[in-house]
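Q: How does the following fold in three dimensions:
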Amino acid sequence: MPGGATAVHNGAELRDPVASLGESLGSIAETQVRAGRRIWGARRNIDVVLRHPANPA
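A: Model prediction:
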C-alpha cells in the first residue's frame, strides 16, 4: 500500500503532536472529547478539539 511505511500506527502518534501544535499557537487543546453515542450505544469521541482562548465555549 502506498504510504504504508509512513502511516501512523496508533491515534496517539498523530493526536498528541496536533494538540501540542495547537497549544503552541495559542489555542486551548482538548483530547478525547466525548461527542455522543453511536446508534448501537458505543461512545463516540473526537480526538482533538482546538478552541480559541477568546471564545473557549
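
Q: Which elements pack onto the strand or helix carrying Asp47?
A: When elements are defined using DSSP states H and E, Asp47 is found to belong to strand 43-51. Where contact means 3 or more Cβ pairs under 8 Å, 6 or more residues apart in numbering; DSSP states H and E, strand 43-51 is packed against helix 12-24, strand 28-37. In this view, the C-beta of every residue, glycine as well, is placed from N, C-alpha and C.

Q: Just name whatever secondary elements the last one is in contact with.
A: To tie it back to what came earlier, the one meant is strand 28-37. helix 12-24, strand 43-51.

Q: Packing partners of the first one?
A: Going back to what we said before, that points to helix 12-24. Helix 12-24 sits against strand 28-37, strand 43-51, with contacts defined as 3+ Cβ pairs under 8 Å, 6+ apart.

Q: need those in CSV with distance to His9, mean pLDDT and mean neighbour count, can you?
A: As requested, those are exported to CSV (distance: least, Cβ to Cβ, whole Å; pLDDT from 0 to 100; neighbours: other Cβ atoms under 10 Å):
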stretch, distance to His9, mean pLDDT, mean neighbour count
strand 28-37, 18, 93, 12
strand 43-51, 15, 93, 13
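
Q: Which among these is found nearest to Ser20?
A: Shortest distance between Ser20 and these, using Cβ to Cβ, is found for strand 28-37: 7.6 Å.
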